[in-house]
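>>> just coords:
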């Protein structure tokens, strides 16, 4: 059973703070993703990674960076948090061995509020 | 980049009736189309997916159809039950057989099953 966990369910930060969101998966998945979910906007891809130390920009990377030092862990970093980054952040992971194995497994989410 | 439009944003049906949710995509290179269900307060979970070499796929009460020419795909739920109440998201991506494939999601449909 795939398990994707995120470090916090709820987080409150101040404008300008540096924020780290952590995601860990325990199924040896190659691919990891960060999305943000906002009401009426669905899920939008921020960054993804297909291997350790590799990263690719998604659709809305501005204001974010990521780090993947170990296969099981993918971190999302807000260098200087702003109020428009208040959102639900969802991490996901998937295998990378070809067709039929595309399912992305999501973590429980971190609801971040920036004051 | 890819753009996915999803309709309707809210759908209310009587228990036992069928529900249909429709999505269109813009990038003709997209070849993988999953549908995720998100219950209130929970993480999104894959319910069915389809690849561009297939026109229709069924799994018990759920079916998905794909029209590549029109760049259109739909989710059909028959004999709806109270536990079908949730937000449903369609998505599209280009799967190349290896590497990460970030998903582009629609904005979601809130399906309400009326008793």
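Cool, the structure landed. Bear in mind the structure is a predicted one, so any value in this text is a computation, not a measurement. Numbering: from 1, shown residues only, chains lettered A, B, ... in the order given.

>>> contacts and neighbour counts: CA atoms only from here.
Fine.

>>> touching chain B at all, stretch A:68-87?
No. Contact of stretch A:68-87 with chain B (Cα under 8 Å from any Cα of the partner chain) is absent, the minimum separation being 13.4 Å.

>>> in that stretch, what counts as buried?
A:68, A:71-78, A:81-82, A:85-87 (16 or more other Cα atoms under 10 Å in any protein chain shown).

>>> of all these, which two lie farthest apart?
Pairwise distances across the buried residues of stretch A:68-87 (Cα to Cα) peak at 29.1 Å, for the pair A:71 and A:82.

>>> quick one: low-confidence ranges for chain B?
Applying pLDDT under 70 to chain B picks out residues B:95-100.

>>> would you map the strands across it?
For chain B, the strands defined by DSSP state E occupy B:4-7, B:10-14, B:19-25, B:32-38, B:45-51, B:56-59, B:62-67, B:72-77, B:86-92, B:104-105, B:109-114.

>>> could you find the closest non-adjacent residue to residue B:29?
residue B:94 (6.3 Å; Cα to Cα, 6 or more residues apart in numbering or on different chains).

>>> how about TSV for the buried residues of stretch A:68-87, with secondary structure added?
Below are the buried residues of stretch A:68-87 laid out as TSV (DSSP: H, G, I helix; E, B strand; the rest coil):
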residue	secondary structure
A:68	strand
A:71	coil
A:72	coil
A:73	strand
A:74	strand
A:75	strand
A:76	strand
A:77	strand
A:78	strand
A:81	coil
A:82	coil
A:85	helix
A:86	coil
A:87	strand
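
>>> which one, of the strands of chain B, ends up nearest to chain A?
Across those, the minimum distance to chain A, taken as Cα to the nearest Cα, is reached by strand B:104-105, at 5.8 Å.

>>> the closest one pairs with which strands, parallel or anti?
According to DSSP bridges, strand B:104-105 has the following sheet partners: strand B:86-92 (antiparallel).
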